[in-house]
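Engineer: Below are the sequence and a predicted model; questions follow.
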Amino acid sequence: MNILGKKSKLNLIILSSSVLLLYNCKASSPVLEIESERAQIDKIDKKVVHLLSQRMNAAMKIGEIKKKNKIEVTQPARWNEVKNNLRKNAIESNINPDMIVKMYEVFYEESVKQQQDLQRK
Ligand SMILES: O=C(O)C(=O)C[C@]1(C(=O)O)C=C[C@@H](O)C=C1
């Protein structure tokens with residue numbers, strides 16, 4: 001026995017066709033595709049900032065130890081090691097190593113500055 005009448009069946013077909021049409025429009029819309037990638041970027045940026053904050057916290061802990069033990073803040077050999085690691089990681093991840101090191105120079109300067117501020121306290 002047929003549960004749906006002819007009219008309801010027709011309405012259902014029209015409705016499902018419209019949904020399909022709408023879905024296809026969305027999937028191929030450049031604006032929506034860009035929005036989707038932007039949402040990815042926002043998520044990644046949030047994670048990057050969180051990780052950088054964790055890096056700074058680790059540097060501050062090192063700063064406390066250096067202060068207590070009268071150890072020099074700047075450690076050029078370690079900084080060279082960090083840069084070599086960064087270059088290796090960048091190449092493995094197919095991203096420009098010079099750009100990564102340039103970015104890290106900013107993080108490193110801040111790390112040293114914060115440690116030096118701590119020594120003065
Ligand atoms: O490894 C240390 O001793 C740190 O204090 C961390 C850090 C860094 O931010 O990577 C900062 C200063 C040093 O010159 C070397 C490295």
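Structural biologist: Arrived safely, thanks for sending. Keep in mind that what you see is a predicted model, and the values were worked out from it rather than measured.

Engineer: Output the residue of the protein whose distance to the ligand is smallest.
Structural biologist: The ligand sits closest to Ser111 of the chain, with a gap of 3.4 Å, by Cβ to the nearest ligand atom. Just so you know, the C-beta spots here come from the backbone N, C-alpha and C atoms, and that holds for glycine as well.

Engineer: Enumerate the residues of the chain near the ligand.
Structural biologist: 59, 62, 74-75, 78-79, 82, 108, 111-112, 115 (Cβ under 6 Å from any ligand atom).

Engineer: Pull the most distant pair out of the residues you listed.
Structural biologist: Val82 and Gln115 (14.3 Å; Cβ to Cβ).

Engineer: picking up where we left off before, quick one: contacts of the helix or strand where the residue of the chain closest to the ligand lies?
Structural biologist: Secondary structure assignment for Ser111, by DSSP states H and E: helix 97-120. Contacts with helix 97-120, where a contact means Cβ atoms under 8 Å, 6 or more residues apart in numbering, come from 52, 55-56, 59-60, 62-64, 66-67, 73-74, 79, 82-83, 86-87, 89-91.

Engineer: if we go to 10 Å?
Structural biologist: 52, 55-56, 58-60, 62-64, 66-67, 70, 72-75, 79, 82-84, 86-91, 93, 96 (Cβ atoms under 10 Å, 6 or more residues apart in numbering).

Engineer: In the lengthiest helix in the chain, which residues are buried?
Structural biologist: In terms of residue count, the longest helix belonging to the chain (DSSP state H) is helix 30-68. By neighbour count on 16 or more other Cβ atoms under 10 Å, the buried set for helix 30-68 is 59, 62-63, 66.

Engineer: what about this structure, any weak spots by pLDDT?
Structural biologist: 1-4, 9-10, 12, 17-28 (pLDDT under 70).
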